[in-house]
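>>> one predicted model, sequence on top.
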Amino acid sequence: MTELRLTNLSKRFGGTGDAPAVDGLDATVRDGEFFVVLGPSGCGKSTLLRLIAGLETVSGGEIRCDGALWSGAGGHLRPEDRGVGFVFQSYALWPHLTVERNVSFPAEVAGAAPRDWKALAAKHLETVGLTRFAERRPAELSGGQRQRVALARVLASDARLVLMDEPLANLDPHLRATMEAEFLEFHRLSGATTVYITHDQREAMGMADRIAVMMDGRFLQVDAPETLYWRPATAEVARFIGRGALLPATRRGGRVTAEGLGEVPARDNPALADGFCALFVRPEEVRLGGDAAEGGAEARVVRAVYRGGVWELTLDLGGLRLEAVGPARVRVGDIVRATVAGGWPLPAPEGFPMSRNAVEDAFVPAE
Ligand SMILES: Nc1ncnc2c1ncn2[C@@H]1O[C@H](COP(=O)(O)OP(=O)(O)OP(=O)(O)O)[C@@H](O)[C@H]1O
């Protein structure tokens with residue numbers, strides 16, 4: 001059992017005028033969970049991981065593992081006493097040691113007999129498919145192979161809590177996809193509670209049991225990937241995850257009317273009060289084609305990008321900007337029929353809509 005509990009956790013570097021790097025975080029990472037912290041550069045992800053590892057002291061709040069205090073006003077457990085495994089973007093392998101000894105080194109240091117640590121290394125190198133590389137040095141391996149050595153080392157250390165800091169960031173896209181599967185297999189095998197940080201939402205969506213969306217040192221929402229995608233808590237989270245559009249709308253008794261579109265079959269958001277709101281529409285909720293009887297309207301294509309199998313579109317529907325996705329070839333300037341066939345009403349963010357026709361409120365995340 002390894003449950004990690006963060007309570008009002010804060011870390012402030014430098015003077016009191018500086019914004020905290022971690023700012024009053026509350027979260028529980030459940031036993032055996034693959035917990036992904038997703039956020040933009042500088043939001044405090046690495047600092048959070050270093051706090052959990054014990055490499056930084058906390059400025060406020062507490063970290064507890066299975067109830068035992070790791071960091072807080074009551075004390076600071078040394079990193080080496082936390083029994084945590086690490087996998088970093090930079091591999092962090094010992095360059096002068098062979099692959100075998102990189103894997104077995106923690107066991108050697110712990111005093112295991114050579115026969116035992118050799119067997120341990122052999123077992124885990126086999127698990128990650130590197131048996132024939134045992135005598136090589138890290139410099140003689142590819143990036144993916146080096147990450148496998150790091151995984152084998154964590155398996156050999158039998159850590160119950162594993163911290164991973166953007167471990168796939170240095171790998172090319174093809175290898176990343178393969179390694180994602182290997183990391184999940186590693187997680188299944190080890191059963192270790194894992195905290196994995198990334199700024200890559202595709203990676204987060206594909207790997208996480210739950211994702212914490214982190215911004216400015218805080219968690220905005222902690223939920224399963226599907227929940228974050230279809231039921232973001234705020235417009236800020238909605239904007240951060242995937243593509244979509246925010247339309248000015250009104251909710252009354254569970255029914256949602258979007259300005260210029262009439263009533264829309266939106267999913268009900270029980271957390272939302274009646275009144276003015278922002279209707280969040282994913283590309284998959286914009287139906288293309290059909291006829292006037294189905295309630296659609298004519299829209300002009302203002303952006304069309306082929307994504308292999310599908311076209312990613314931005315549409316202008318009577319002044320409303322919508323994000324859509326379609327299977328057939330389309331060109332900028334084409335007129336298509338579009339129907340808003342769903343949506344998720346959210347509290348209107350401050351200053352929303354930015355303009356009367358909401359054109360600025362559609363968004364495509366940077367890639
Ligand atoms: N040792 C330090 N001294 C002072 N400020 C620091 C220190 N480490 C981090 N910071 C600051 O804390 C904030 C969060 O940094 P952190 O490295 O945790 O972000 P991050 O989300 O991991 O970013 P990235 O994805 O770019 O690595 C930043 O403003 C950073 O400048």
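Arrived safely, thanks for sending. Numbering: from 1, shown residues only.

>>> surely residue 304 is in a strand?
Yes - Residue 304 forms part of a strand when assessed by DSSP: H, G, I helix; E, B strand; the rest coil.

>>> and it, how far from the ligand?
From residue 304 over to the ligand the distance is 32 Å, taken as CB to the nearest ligand atom, to the nearest Å. To be clear about C-beta, it is placed using only N, CA and C from the backbone, and glycine gets the same treatment.

>>> neighbours around that residue, how many?
Residue neighbour count, defined by other CB atoms under 10 Å, stands at 18 for residue 304.

>>> surely it is in contact with residue 331?
Yes - counting by CB atoms under 8 Å, residue 304 does reach residue 331; the two are 6.1 Å apart.

>>> pLDDT score assigned to residue 141?
We have a pLDDT of 89 for residue 141.

>>> and for the one 4 residues further on?
Residue 145 is assigned a predicted lDDT (pLDDT) of 85.

>>> same check on residue 89?
Residue 89 is given a pLDDT of 72.

>>> ok, it to residue 196 distance?
12 Å (CB to CB, to the nearest Å).

>>> which parts of the chain are helices?
Secondary structure of the chain (DSSP state H): helices located at 45-53, 99-109, 114-127, 143-157, 173-190, 201-207, 225-230, 235-240.

>>> just want the angle from the fourth one to helix 173-190.
This points to helix 143-157. Per axes from the mean of the first three to the mean of the last three CA atoms, to 10 degrees, the angle that helix 143-157 makes with helix 173-190 is 10 degrees.

>>> can I get helix 143-157 in PDB, CA atoms only?
Provided in PDB are the C-alpha atoms of helix 143-157 (Å, rounded to 0.1, in the frame of the first residue of the first chain):
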ATOM      1  CA  GLY A 143      17.600   7.100 -26.100                       C
ATOM      2  CA  GLY A 144      14.800   4.500 -25.900                       C
ATOM      3  CA  GLN A 145      17.300   1.800 -24.700                       C
ATOM      4  CA  ARG A 146      18.600   4.200 -22.000                       C
ATOM      5  CA  GLN A 147      15.100   4.800 -20.700                       C
ATOM      6  CA  ARG A 148      14.600   1.000 -20.600                       C
ATOM      7  CA  VAL A 149      17.800   0.700 -18.400                       C
ATOM      8  CA  ALA A 150      16.300   3.300 -16.100                       C
ATOM      9  CA  LEU A 151      13.000   1.300 -15.900                       C
ATOM     10  CA  ALA A 152      15.000  -1.900 -15.200                       C
ATOM     11  CA  ARG A 153      16.800  -0.100 -12.400                       C
ATOM     12  CA  VAL A 154      13.500   1.000 -10.800                       C
ATOM     13  CA  LEU A 155      12.100  -2.500 -11.100                       C
ATOM     14  CA  ALA A 156      15.300  -3.900  -9.400                       C
ATOM     15  CA  SER A 157      15.000  -1.300  -6.600                       C
END
